[in-house]
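# Compute the structure for the input listed below.
(2 chains, ligands or ions: 2)
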Amino acid sequence: MKHTLQQIFRSPKFVVGFSIFAAIVLIVIVYPIFITDPPLGIIGQGTFFPPGIYVSAYDSLGSPKYILNLSDAATKRIAAKLGDQERTDIHDWLVADGIPESEIDIHDTEKLLEQWAQNYDPNKKVQGMTFAKQRYYQRLDTSLKGLLSTEGAIIAQKNPETGALEESSMIKQADYVNVSEVASVRFLPFGTDNFGRDVLTELVAATRTSLQIGLVAGLVATLIGLTLGLLAGYVGGMVDDVINFITNLFIVIPSFVLLILISYSVGQEQRGPFLVATVIGLTAWPWTARAVRAQVISLRNRDHVNLSKLSGHSIVHIILTDILPYIASYVIMALILQISSGILAEAGLSILGLGPKTTETPTLGLMMNWAMIYQAHIQGRWWAYFPVLMTIALITFSMNLMNTGLDQVFNPALRD
Amino acid sequence: MPSEKQICLNTSGLTKIYGFGANRTIAVDHVDLKLYEGEVVSIVGESGSGKTTLAKMLLGLISSSEGDIYFQGVKRDISSQKKKQEYWKNIQAIFQDPFSSYNIFNKIDSVLLDCIHMRGGRNLPREKKVEMMTEACSFVNLKFEELTNKYPFELSGGQMQRLMIARIFLLKPKILLADEPTSMIDACSRATILDMLMQLRKEIGMTVIFITHDIGLAYYVSDTVYIMEHGRFVEFGTADEVILHPREPYTQRLINDVPKIYEEWDLTTV
Ligand SMILES: Nc1ncnc2c1ncn2[C@@H]1O[C@H](COP(=O)(O)OP(=O)(O)O)[C@@H](O)[C@H]1O
Ligand SMILES: [Mg+2]
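Numbering: from 1, shown residues only, chains lettered A, B, ... in the order given. Ligands and ions are numbered 1, 2, ... in the order given. Below you'll find the predicted structure:
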């Protein structure tokens, strides 16, 4: 036994798979200790904030100012507002307004902005331009105001008594604040989702729920499959015929279709994560049952089983001590496969909108479902679905890798 | 034939058919076997002639397709688990392949303890059990102190087969069915194991069914010899009758296959 464990941990495939899986489990356990926000708490007003470090603008006004004379600051500021796309757009507007092409040089920032300021009129109707495009030009116009100014900005506060604005401080262009001195900063590595929730916190909670769903589904499927497989394989006869019939029935009807039907008929309100997990397990056992049955049939006529019978052992004793230990490694591999396919099944169900209904914890499938409904993939909000996809892929990849490693240890013929 | 002796086990028209359709194999074909108390009967036939299948039917490990088995003159009834356990107190076996005969997860102690428990010694004090196991092991020249807490697969093939004999020593059944017990063992251990078997038989007065493909071995150990070909008994009689005056060409061939000292050794038949 100890020897086998040593061999397993010497298999590179198993070790890599196990490390990835252990890392995921570790993150799922440790992360909530440090970030205690509720995973479905809405923090952002608006949808799909991109990933990044969010610094409180208000707090940074009050933070200590440092003057840094950076030569490229102005260039960067202009480039951020006036990129290649904006320059082309301005060029297009000016051309449509009747300025000859030859007079426009989109690389001369000063001249371009001057021409824009002189000619742009937000109320002017340009032929053939959509309303959306008009709005875009209005926004562009506002953002370009004061772009070339070298003045700072004045911060004014309302005097509570007189109601007049009083200058309280002045921010110069060379003023900087140190992020670590700003009172409120939030790092959102995966931004926010369609409801304005922190995707990372949500993802960690979702991974946790999905792993639990996979574990429950895998255990249910393996327990049922193992029991039925052992009975069918060892007892044989009528018992085998009946169990085989049921197993074949379940195999003929694709389990996912069955899963959809059951989930649908259970109804949205009743579908908690563990009910969904159990339903997944209840539809996934036939493969385990069939594989276990085949293994048991090849074992039941072995001499060590015959000798055990001759020693007067009961059927239960023989199944538990002469059959089960011989297929234990096989059952563990089947369990790992069932867990990973349980996670995939939940994701599949949730994408179809038949997943668990939860108000406290998301699941990986539900996150995919939300991202899809709010068209994150069409709008290019990759952070709302790509990390979820990666997590699902990593979990299944690591589990399959562990399985391949185990297979190589238990089946010496597969060793390379 | 010692007619004053009691019939211990006999069969009538015992048949086993495996599979059906194109896969139909008649492994044992209407076999009539008579086993008298205290004698050693050999069943000789080449590989695939149905010896093991017959043995498993006699042991009650597989069902027969046709025919009956009588134990001590009464039709054998092993319809329930309890009756089977009762039957197996009377008939035990040693199998051909010692390497697959043991559960690799069980220690040697548990193999021997099972035998003591089967003989109703479950509530004996631990020291008494150890004493019995030590006695059984020393009968087959093994040291129980060295075997305790070891696994069977840590032994050599010959040692494992000797442990099997120790098992029989503890169980003391009426009938022992030895299915080619020495064919997987190296030649040196073979004679030792045969001698131990015969010694045990004398000591507890067992009836022995000795299955082998080696007619020379059968002559060496048995009173009565049955020759089996394609599931049928083609010839039987006392060892002297059958082996010194064979009537069937098949028996003749089996005898000719035994290597002679003055001939060149043909190792494939050993
Ligand atoms: N479980 C089984 N299923 C189908 N055929 C079998 C089975 N066991 C044995 N046979 C067939 O029965 C015949 C007799 O086999 P066996 O009794 O093992 O012969 P022996 O022990 O004399 O070598 C062989 O042809 C073998 O292929
Ligand atoms: Mg055989």
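# Residue 108: neighbouring residues, count only.
With no chain named, the answer covers chain A. Applying other C-beta atoms under 10 Å in any protein chain shown, we find 12 residues neighbouring A:Asp108. The way it works is simple: take the backbone N, C-alpha and C, and place the C-beta from them, glycine included.
# hm, I was asking about chain B
By other C-beta under 10 Å, 25 other residues sit near B:Ile108.
# Isn't it up against B:Glu146?
No - taking contacts as C-beta atoms under 8 Å, B:Ile108 lies outside contact range of B:Glu146: 9.8 Å.
# how much space is there between A:Leu337 and A:Phe9?
According to C-beta to C-beta, to the nearest Å, A:Leu337 and A:Phe9 sit 20 Å apart.
# what about the two, which has more around it?
More crowded of A:Leu337 and A:Phe9, by other C-beta under 10 Å: A:Leu337, with 22 against 12.
# Not including adjacent chain positions, what is the nearest residue to the more buried one?
In this structure, A:Leu337 finds its nearest non-sequential neighbour in A:Asn403, 6.2 Å apart by C-beta to C-beta, 6 or more residues apart in numbering or on different chains.
# Tell me the buried residues in the helix or strand encompassing the one you found?
Here A:Asn403, judged by DSSP states H and E, is contained in helix A:386-410. By neighbour count on 16 or more other C-beta atoms under 10 Å in any protein chain shown, the buried set for helix A:386-410 is A:387-388, A:391-392, A:395-399, A:401-403, A:405-410.
# sorry, back to before: quick check: the residue nearest to A:Leu337 touching A:Ile332?
No - look at A:Asn403 against A:Ile332 with C-beta under 8 Å: they stay out of range, at 9.1 Å.
# Next, show the common contact partners of the two.
Common contacts of A:Asn403 and A:Ile332 (C-beta atoms under 8 Å, 6 or more residues apart in numbering or on different chains): none found.
# Which positions in chain B make contact with chain A?
For chain B, the residues in contact with chain A (C-beta under 8 Å from any C-beta of the partner chain) are B:56, B:59, B:61, B:81, B:84-85, B:88-89, B:92-93, B:95-97, B:100-106, B:114-115, B:117-118.
# where do the helices sit along the stretch 301-416 of chain A?
Per DSSP state H, counting those that start in this stretch, the stretch 301-416 of chain A carries helices over the ranges A:303-310, A:315-318, A:324-351, A:364-373, A:376-379, A:386-410.
# would CSV of those helices with distance to A:Ser60 and mean pLDDT be doable?
Below are those laid out as CSV (distance: least, C-beta to C-beta, whole Å; pLDDT from 0 to 100):
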stretch, distance to A:Ser60, mean pLDDT
helix A:303-310, 76, 95
helix A:315-318, 72, 93
helix A:324-351, 40, 93
helix A:364-373, 32, 92
helix A:376-379, 29, 88
helix A:386-410, 28, 93
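# Of these, which is nearest B:Leu176?
Among the helices of the stretch 301-416 of chain A, helix A:303-310 comes nearest to B:Leu176, with 11.2 Å by C-beta to C-beta.
# helices and strands around the closest one, which ones?
Packing partners of helix A:303-310 (3 or more C-beta pairs under 8 Å, 6 or more residues apart in numbering or on different chains; DSSP states H and E): helix A:315-318, helix B:51-59, helix B:81-88, strand B:91-94, helix B:98-101.
# change it to 10 Å
Secondary-structure packing of helix A:303-310 (3 or more C-beta pairs under 10 Å, 6 or more residues apart in numbering or on different chains; DSSP states H and E): helix A:273-300, helix A:315-318, helix B:51-59, helix B:81-88, strand B:91-94, helix B:98-101, helix B:108-118, helix B:157-171.
# buried set for the helix or strand harbouring B:Asp240?
Following DSSP H and E, one finds B:Asp240 within helix B:239-244. For helix B:239-244, the neighbour count (16+ other C-beta under 10 Å) marks B:239, B:242-243 as buried.
# same thing with stretch B:214-223?
By 16+ other C-beta under 10 Å, the buried positions in stretch B:214-223 come out as B:214-219, B:221-223.
# Identify the contacts common to B:Ile108 and B:Glu146.
By C-beta atoms under 10 Å, 6 or more residues apart in numbering or on different chains, B:Ile108 and B:Glu146 have these common neighbours: B:137, B:155.
# Does the residue nearest to A:Leu337 touch A:Asn411 like I think?
No - A:Asn403 is beyond contact range of A:Asn411, at 11.5 Å (criterion: C-beta atoms under 10 Å).
# Overlap in contacts, the two.
A:Met333.
# got any ranges where the stretch 201-350 of chain A has weak pLDDT?
By pLDDT under 70, the stretch 201-350 of chain A has no low-scoring segment.
# Relative to ligand 1, which residue of it is the closest?
Using C-beta to the nearest ligand atom, the closest approach of the stretch 201-350 of chain A to ligand 1 is made by A:Asn301 at 6.2 Å.
# Quick one: residues contacting that residue.
Here A:Asn301 is in contact with B:56, B:61-62 (C-beta under 10 Å, 6+ apart).
# if we can go back for a sec, what's the closest of the buried residues of stretch B:214-223 to B:Arg167?
B:Val221 (19.5 Å).
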